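Q: Return atomic coordinates for the entry below.
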Amino acid sequence: MDPIKKYLGREALVEIALTDPNAATNPGEWLTIGAMRGKEWGAEWQTTDATTDDSPELTQENLPTYKASEISFDGLATKDTTKNVDTIEEFVNDPVGNNSETGYPHVYLRITVPRSNGDLRTYTGTTLLTSFRNTAPHDDVAGWTLSGNSFAYTIATETAA
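A: Down below sits the predicted model:
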C-alpha cells in the first residue's frame, strides 16, 4: 500500500518580513507567524466580456485582463507574544510608526509546504496587508484574521535539508 501523499494545513509554514519591498530589495529578518489555523493563498485571472452578436453558438467569450492574488490567514489569540501576531497587528495599524518607509503595510511573505518526496514548495513574494481583525466572542476562544492582496509571488521547489 502506498503511503498517504497528503499534508495537514498545520504543516504549512507562513513567514513575514516587515521590510517594505518598495524601499528595499532584501526581505531582512523572517518572522514565523504562530497561533495560526487557516491559511489560504492563490491567484485568479480577471476577465472582461468579449461576446458579440456573432459569437459562435451563443457562447460567451472572455479576454483576460489582470491577475488577482490574495492571502487570508486566521488564528487564535494568544498571550504568548513570541507568535509575532501583535507585531503584525501593530504594523498593519501603524506602518509609519513601525518603520514602513512608504507608509503602507506592504511586506515580504513566504509560505512553505511539504511535498510527498521530501521536497519543499515555497511561495515567496510581496503583498499589501489590507486587514487585521480581532474577534472576541462571549463564550468561545478569541481569534484574529489577516488579509492582503497583490501577492506577487514566485514558486520554487527544493529538496528539504
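
Q: Mind telling me which residue is nearest the centre of the protein?
A: For the chain, the residue nearest the mean C-alpha position is I71 (3.5 Å; C-alpha atoms, centre = their mean).

Q: mind checking which helix or strand that one is in?
A: According to DSSP states H and E, I71 maps onto strand 62-76.

Q: I figured N134 hits V92, correct?
A: No: using C-beta atoms under 8 Å, N134 is not in contact with V92, being 11.3 Å away. (Glycine included, C-beta is placed from N, CA and C.)

Q: the more surrounded of the two?
A: Comparing N134 with V92 by other C-beta atoms under 10 Å, the one with more neighbours is V92, at 20 against 11.

Q: starting at the chain centroid, how far to the helix or strand following the strand holding I71?
A: Heading C-terminal from strand 62-76, the first helix or strand you meet, by DSSP H and E, is helix 85-93. Averaging C-alpha positions (C-alpha atoms, centre = their mean, to the nearest Å) puts helix 85-93 15 Å from its chain's average.

Q: Strand 62-76 and helix 85-93, what's the angle between them?
A: Counting by axes from the mean of the first three to the mean of the last three C-alpha atoms, to 10 degrees, helix 85-93 lies at 140 degrees to strand 62-76.

Q: Just the buried positions in helix 85-93, please.
A: The neighbour-count check on helix 85-93 (16 or more other C-beta atoms under 10 Å) flags V85, I88, E89, F91, V92 as buried.
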